[in-house]
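>>> below are the sequence and a predicted model for it; my questions follow.
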Amino acid sequence: MSLWADKYRPRSLSELTFHPRISKQLQVMASSGEFPHLLVYGPPGSGKKTRVLATLREIYGAGTERLRVDVKTFSLSSGRKLEFNVISSSFHLEITPSDMGNNDRIVIQDLLKEIGQTESLDFSKFENAVVSPNTREHASSRKKFKVVIINEAELLTRDAQAALRRTMEKYSANIRLILICNTTSNIIDPIKSRTLPIRIASPSTSACAEVLEMILRKEHHARKAFPDDSEHRNIIFKRISDASERNLRMSIMMMEAMYMNHDTVSINTPIIKPDWIDVVHELATSICKDRSVSRLQQARSTLYELLAHAIPAKLLLKKLTLTIWDFTGALDLKDKAELRKAVISASTIYDERLSLGSKDIFHLEGFITKVMVILERYVVIN
Ligand SMILES: Nc1ncnc2c1ncn2[C@@H]1O[C@H](COP(=O)(O)OP(=O)(O)OP(=O)(O)O)[C@@H](O)[C@H]1O
């Protein structure tokens, strides 16, 4: 049994329900001979990956869904062997730099070299691929490349990005890159200038509601648990979309969790948020109230725990900042505006440090300490 977010993930560009102009643009590119390197960016859960996979399907057909996972081995200069997983089909490969740690340069170099030097794809061998005649015509004449998807591209080290830039030029006849990231701020300019940027904004509240409604239409049993009145359903969808900050994956998961936990869902049914959000909220308020060394130590173990659960450090910083912002907004203080400005300023500094550095825990802990110091300077609260 798969989660609704996976079960109802659209597979083709024509099934995508929002940002129609981008879908059209991708469709045109996929069927033309001129497919560029892409830099697809946007907030979490906005549908980046879904759109990229649908584009691949448009280019090569359903064969892109026949995936395998290979364990590749790379030799480091120290003689140590490095193993990591590559997801691939006959037409593309997918890698995630965070799996490679600081050795991403070697992996990028070796892997892309290997693909770049292997023979180009011959489309005539793939007669069974479900592609439009138009696509096949262009493909057989011009598109003889493999696509390499790089997830979380913003986590690539500078060295790896430099290597990527070189390989992009060297093997451009055989490889097309699709970089996926939340923000482009950590991507080096030479890569930005060699890729076509495509920004996928979060879906609007009504677009979110449309997807949720579509899922309920297909999940007959779940549909019965929700109100018949479409106005009431829309209120629930809006609450979900607001609570998830228009993160579509989270919205779908929240709706599924609501259904799983309640026989009937009404406009007053509480929304179940992921546990980590409560943990971050609790952490932020506790450091505002108790600015002590022992609290700092406790904060460290909570941060370690959150990072170990793969919550991205930048997201943690953002949530911490927003909770501290709300907390300080409720204080009755003369210098409140200045205090809040200092917190935001500290947050931007540590956000940059998270981009530049590699030890997330240091910077998150640094931010927490800084906030304690700022608060200590402005307030005495119990
Ligand atoms: N256009 C769409 N129409 C309907 N559902 C969609 C659409 N795009 C995405 N979804 C749903 O939203 C979920 C999340 O989308 P996706 O994984 O593509 O987002 P993402 O931006 O790549 O997320 P992240 O940055 O967190 O990895 C998908 O599993 C799918 O169910």
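Cool, got the structure.

>>> mind listing what Glu65 touches?
Shown here is Glu65, whose contacts under the criterion Cβ atoms under 8 Å, 6 or more residues apart in numbering are Arg11, Arg57, Ser89. To be clear about C-beta, it is placed using only N, CA and C from the backbone, and glycine gets the same treatment.

>>> and if you look at Asn261?
The contact partners of Asn261, taken as Cβ under 8 Å, 6+ apart, are Ile272.

>>> which residue, other than its chain neighbours, is closest to the closest residue to the ligand within the stretch 251-382 of the chain?
Closest approach of the stretch 251-382 of the chain to the ligand (Cβ to the nearest ligand atom) occurs at Ile252, with a separation of 5.6 Å. By the measure of Cβ to Cβ, 6 or more residues apart in numbering, the closest residue to Ile252 outside its immediate chain neighbours is Ala5, 4.3 Å from it.

>>> my read: the one you found touches Ala257, true?
No: contact status for Ala5 versus Ala257: not in contact, 11.3 Å apart, counting by Cβ atoms under 8 Å.

>>> of those two, who's got more company?
Taking neighbours as other Cβ atoms under 10 Å, Ala5 and Ala257 compare with Ala5 leading, 19 against 15.

>>> just to revisit the earlier point, helix, strand or coil for the residue of the stretch 251-382 of the chain closest to the ligand?
Three states are possible here, and by DSSP: H, G, I helix; E, B strand; the rest coil the one that applies to Ile252 is helix.

>>> from Arg68, how far off is it?
Summarising the geometry, the distance separating Ile252 from Arg68, computed by Cβ to Cβ, to the nearest Å, is 27 Å.

>>> what do you get for Ala284?
Taking Cβ to Cβ as the criterion, Ala284 is separated from Arg68 by 43 Å.

>>> tell me the domain boundaries of this protein?
For the chain, whose domains are defined here by automatic domain parsing, the residue ranges read 4-199, 205-261, 275-378.

>>> chain center to stretch 229-239: distance?
27 Å (Cα atoms, centre = their mean, to the nearest Å).

>>> list the buried residues in that stretch.
By neighbour count, with 16 or more other Cβ atoms under 10 Å as the criterion, the buried positions of stretch 229-239 are Arg233, Asn234, Ile235, Ile236, Phe237, Lys238, Arg239.

>>> go on, stretch 190-198?
Burial within stretch 190-198, assessed by neighbour count using 16+ other Cβ under 10 Å, is assigned to Ile191, Arg194, Thr195, Ile198.

>>> what does stretch 278-292 give?
For stretch 278-292, the buried set under the neighbour-count rule, 16+ other Cβ under 10 Å, comprises Val279, Val280, His281, Leu283, Ala284, Ile287, Cys288, Arg291.

>>> now the third one. Nearest residue, chain neighbours left out?
To tie it back to what came earlier, the one meant is His281. In space, His281 comes closest to Thr323 once its chain neighbours are excluded; the distance is 5.3 Å by Cβ to Cβ, 6+ apart.

>>> how far off centre is the helix or strand that neighbour falls within?
For Thr323, the enclosing helix or strand under DSSP states H and E is helix 313-329. Taking the mean C-alpha point of helix 313-329 and that of its whole chain, the gap between them comes to 19 Å (Cα atoms, centre = their mean).

>>> who does it touch, helix- and strand-wise?
In this structure, helix 313-329 packs against helix 275-289, helix 293-308, helix 336-356, helix 360-378, with contacts taken as 3 or more Cβ pairs under 8 Å, 6 or more residues apart in numbering; DSSP states H and E.
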